[in-house]
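*Asks:* Mind folding the following:
(chains A and B)
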Amino acid sequence: MDLQLKIYNTNTGKKENFNPINTPFVGMYLCGPTVYGHPHLGHSRGPVVFDVIIRYLKHIGYKVRFVRNITDVGHLLNDADEGEDKIGRKAKLEQLEPMEIAQYYSDSYHEQINKLNVIKPSIEPRASGHIIEQIEMILKIINSGYGYVVNGSVYFDVIKYSENYNYGKLSGRILEDLIAGAGESRRELEGQEEKRNPNDFALWKRASEEHIMQWNSPWGLGFPGWHIECSAMSAKYLGKTFDIHGGGMDLLFPHHESEIAQSTVCHNTQPANYWIHHNMVTINGQKMAKSLNNGILLSELFTGNHHLLEKAYSPITLKFFILQAHYRSTLDFSNDALKAAEKGLKRLFNTLDLLNKLKATEKSDFDFNLLKNSIYDALNDDFNTPIAIAQLFEIANIINKINDGFTTISNTDLSEMKIFVNTIIYDILGLKNDNHDSSEYIEPLINIIIDLRNEAKLQKDYKKSDELRDKLLNAGFEIKDGKNETTYSIIKN
RNA sequence: GGUCCUGUGGCCGAGUGGCUAGGCACGGCUCUGCAAAAGCUGCUACAGCGGUUCGAAUCCGCUCGGGACCUCCA
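*Replies:* This next block holds a predicted model:
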């Protein structure tokens, strides 16, 4: 078993041994949502992927401070043709306070994401609550000579930065290429002419009159540039250099690249040692896009209320589905794929129930440690959850065989297996059986009915026994006749 | 157009030089009054073309398809 955790670091393009700055403490920052709409499928992957990362880090003994921000300032709508704040724009359309909108959508985000049984952030800072920190940082950048002020806006001097540092390292870009390509397909937006170089990015933007979200600053009324909030908040809560910075691959450039540049000149050190980026999701092989009319909100997935969905899928099914793919691969959603995950997960939980009823014998005729180690190996190898889950199914297989008397397990292995399997499924993968009714009254009741049915069966009154079985099924209880006993599982329609 | 990623069996998805995951679906069998559940079992893939190699899904090149990003805004 390889005890060393390896993480693929986007910044170096290699898998590296994970060594925190200050063991056993780990500081981790994840770019959170911009709250201007309800969360969709794409929003779920980051929280799920990083949830397992956090849970695993904790499992192997680290103490994790997990910071995930909420961006509630500064973002523009894609189709905005002027420098209008994304949240501000919505606010004007709906005649609401901008913060009301931000609150509404961050509540929506929390409501849906929390269904995924993910560990909540230790700190969840809002960009709007850290304007002072952002201004302070911008002042430092100006003082260090890498920022300049034009007409109440402040820009970061990328050309100057690249003379001393490597702008583009994280995203694998070469500044010369960026400059060369800068002339083409450029959208005409205000402020462009203010910059010394097209590659420069805004640290602070002057607010035009119709801007609703604006703050006072040394440069007049305005709002912070997109990248600065993550730099300011991560430094505030995790330090100038921390262990892990995560996000989606779409944020690699320019967001994370610019974060590195800002933090580097501000703090004389680069912000994060390990950069982890998860891949994007597709739907039926296509990207999610408004124009394709294939965007699915999390609420729609959970209720099944969407033209592309044949049925509803539970949050835990979604989580399991996401974890069946490696986080650095694209993940394709379809009804077939979701249904496959749902059934697989159900089987896994069924065998988990069986595990508690298993009887041990003298010895095991399989190598439990081999299976156990293969799961740790998988997780240590850049959090390879698909392999871990595959091995879990191997164990499920063995559990079923033991139950049917085709395989044996020793007492030691059995008690170890119980602990281990529960740890992996509940503590590390963060799954839960959302088909389980927590009510303690249900079980004895169902067992009474099962007894009645078995009596009917003994008397060969199959009409009655089948009727009981069908009625239970309709009520959401699936009867399973085993070799020695009859069990049931709760299903949802 | 530029940079990068990617193409695996009916579907989803691991695997990066030889040992050919896993889930779901489908077929057969066992168990069973029947069904379900469970077990056993069958289906054996690596976009195409060329190259490197004793040997490639895995490395290289080209072609075709999919995707991400392309700076001021988000």
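*Asks:* What's the local residue count around residue A:22?
*Replies:* For residue A:22, the neighbour count with other Cβ atoms under 10 Å is 11. In this view, the C-beta of every residue, glycine as well, is placed from N, C-alpha and C.
*Asks:* partner residues bridging it?
*Replies:* When assigned by DSSP bridges, residue A:22 has beta-bridge partners residue A:25.
*Asks:* Then residue A:65 would be within a strand, right?
*Replies:* Yes. Judged by DSSP: H, G, I helix; E, B strand; the rest coil, residue A:65 forms part of a strand.
*Asks:* residues touching the nearest residue to it once chain neighbours are set aside, list them.
*Replies:* Residue nearest to residue A:65 in three dimensions, not counting chain neighbours: residue A:122, with 4.8 Å by Cβ to Cβ, 6 or more residues apart in numbering. Residue A:122 makes contacts with A:64-67, as judged by Cβ atoms under 8 Å, 6 or more residues apart in numbering.
*Asks:* ok, those residues vs RNA strand B, which is closest?
*Replies:* For these, the residue nearest RNA strand B by Cβ to the nearest atom of the strand is residue A:67; the value is 19.4 Å.
*Asks:* give me the beta-bridge partners of that closest one?
*Replies:* The bridge-partner assignment for residue A:67, based on DSSP bridges, gives residue A:29, residue A:123.
*Asks:* next one: residue A:244
*Replies:* As for beta bridges, residue A:244 partners with residue A:28, residue A:274 under DSSP bridges.
*Asks:* I'd like to know how many residues surround it.
*Replies:* 25.
*Asks:* That one is in contact with residue A:272, isn't it?
*Replies:* Yes. Counting by Cβ atoms under 8 Å, residue A:244 touches residue A:272, with 6.3 Å between them.
*Asks:* Residue A:446: how many residues sit nearby?
*Replies:* Using other Cβ under 10 Å, residue A:446 is surrounded by 18 other residues.
*Asks:* What's the separation between it and residue A:6?
*Replies:* For residue A:446, the distance to residue A:6 equals 47 Å [Cβ to Cβ, to the nearest Å].
*Asks:* Check residue A:358 too.
*Replies:* For residue A:358, the distance to residue A:6 equals 34 Å [Cβ to Cβ].
*Asks:* Please apply the same query to residue A:45.
*Replies:* With distances taken as Cβ to Cβ, residue A:45 is found 21 Å from residue A:6.
*Asks:* which of these two has more neighbours?
*Replies:* Taking neighbours as other Cβ under 10 Å, residue A:45 and residue A:6 compare with residue A:45 leading, 19 against 16.
*Asks:* mind checking pLDDT for that one?
*Replies:* As predicted, residue A:45 sits at a pLDDT of 93.
*Asks:* Find the helix or strand that it is a member of.
*Replies:* Using DSSP states H and E, the element containing residue A:45 is helix A:41-59.
*Asks:* If we go by neighbour counts, what in that helix is buried?
*Replies:* A:41-58 (16 or more other Cβ atoms under 10 Å).
*Asks:* Now residue A:450: which helix or strand?
*Replies:* Using DSSP H and E, residue A:450 falls within helix A:442-458.
*Asks:* Who are the packing partners of the helix or strand following that helix?
*Replies:* Downstream of helix A:442-458, the first helix or strand assigned by DSSP H and E is helix A:462-474. Packing partners of helix A:462-474 (3 or more Cβ pairs under 8 Å, 6 or more residues apart in numbering; DSSP states H and E): helix A:442-458, strand A:477-481.
*Asks:* Tell me which residue of the stretch 251-400 of chain A lies closest to RNA strand B.
*Replies:* Closest point on the stretch 251-400 of chain A to RNA strand B, by Cβ to the nearest atom of the strand, is residue A:344, at 2.5 Å.
*Asks:* from memory that residue sits against residue A:390, does it?
*Replies:* No. Counting by Cβ under 8 Å, residue A:344 does not reach residue A:390; the two are 10.3 Å apart.
*Asks:* rewinding a little: just read off the phi/psi values of the residue nearest to residue A:65.
*Replies:* Phi and psi for residue A:122, reported as degrees, to the nearest 10, are phi -70, psi -40.
*Asks:* rewinding a little: ranking the contacts of residue A:122 by neighbours, who comes first?
*Replies:* residue A:66 leads the contacts of residue A:122 on contacts (other Cβ under 10 Å) with 24 neighbours.
*Asks:* Isn't that one up against residue A:124?
*Replies:* No. Residue A:66 is not in contact with residue A:124 according to Cβ under 8 Å; the separation is 9.2 Å.
*Asks:* which residues of the stretch 251-400 of chain A fall in helices?
*Replies:* Secondary structure of the stretch 251-400 of chain A (DSSP state H, counting those that start in this stretch): helices located at A:257-267, A:298-303, A:315-323, A:335-355, A:368-380, A:385-403.
*Asks:* Present those helices as a markdown table; the columns should include mean pLDDT, mean neighbour count and distance to residue A:204.
*Replies:* Shown next, in a markdown table, are the helices of the stretch 251-400 of chain A (pLDDT from 0 to 100; neighbours: other Cβ atoms under 10 Å; distance: least, Cβ to Cβ, whole Å):
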| stretch | mean pLDDT | mean neighbour count | distance to residue A:204 |
| --- | --- | --- | --- |
| helix A:257-267 | 93 | 24 | 12 |
| helix A:298-303 | 93 | 18 | 34 |
| helix A:315-323 | 95 | 23 | 37 |
| helix A:335-355 | 91 | 17 | 44 |
| helix A:368-380 | 93 | 18 | 42 |
| helix A:385-403 | 92 | 19 | 41 |
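*Asks:* mind checking which of these is nearest residue A:142?
*Replies:* Closest to residue A:142 of those is helix A:257-267 (Cβ to Cβ; 10.1 Å).
*Asks:* on that earlier part again, which one of the helices and strands packed on helix A:462-474 lies closest to RNA strand B?
*Replies:* Comparing the helices and strands packed on helix A:462-474 by Cβ to the nearest atom of the strand, strand A:477-481 comes nearest, at 3.3 Å.
*Asks:* could you check the angle helix A:462-474 makes with the closest one?
*Replies:* Calculated by axes from the mean of the first three to the mean of the last three Cα atoms, to 10 degrees, strand A:477-481 forms an angle of 130 degrees with helix A:462-474.
*Asks:* Output the contacting helices and strands for strand A:477-481.
*Replies:* Judged by 3+ Cβ pairs under 8 Å, 6+ apart, the packing partners of strand A:477-481 are helix A:442-458, helix A:462-474, strand A:486-490.
*Asks:* swap the cut-off to 6 Å and go again
*Replies:* Using 3 or more Cβ pairs under 6 Å, 6 or more residues apart in numbering; DSSP states H and E, the elements in contact with strand A:477-481 are strand A:486-490.
*Asks:* Show me what counts as buried in the strand it packs on.
*Replies:* So strand A:486-490, judged by 16+ other Cβ under 10 Å, has buried residues A:487-490.
*Asks:* would you turn those residues into a markdown table with pLDDT and distance to RNA strand B?
*Replies:* Below are the buried residues of strand A:486-490 laid out as a markdown table (pLDDT from 0 to 100; distance: Cβ to the nearest atom of the strand, whole Å):
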| residue | pLDDT | distance to RNA strand B |
| --- | --- | --- |
| A:487 | 84 | 8 |
| A:488 | 85 | 10 |
| A:489 | 81 | 8 |
| A:490 | 79 | 13 |
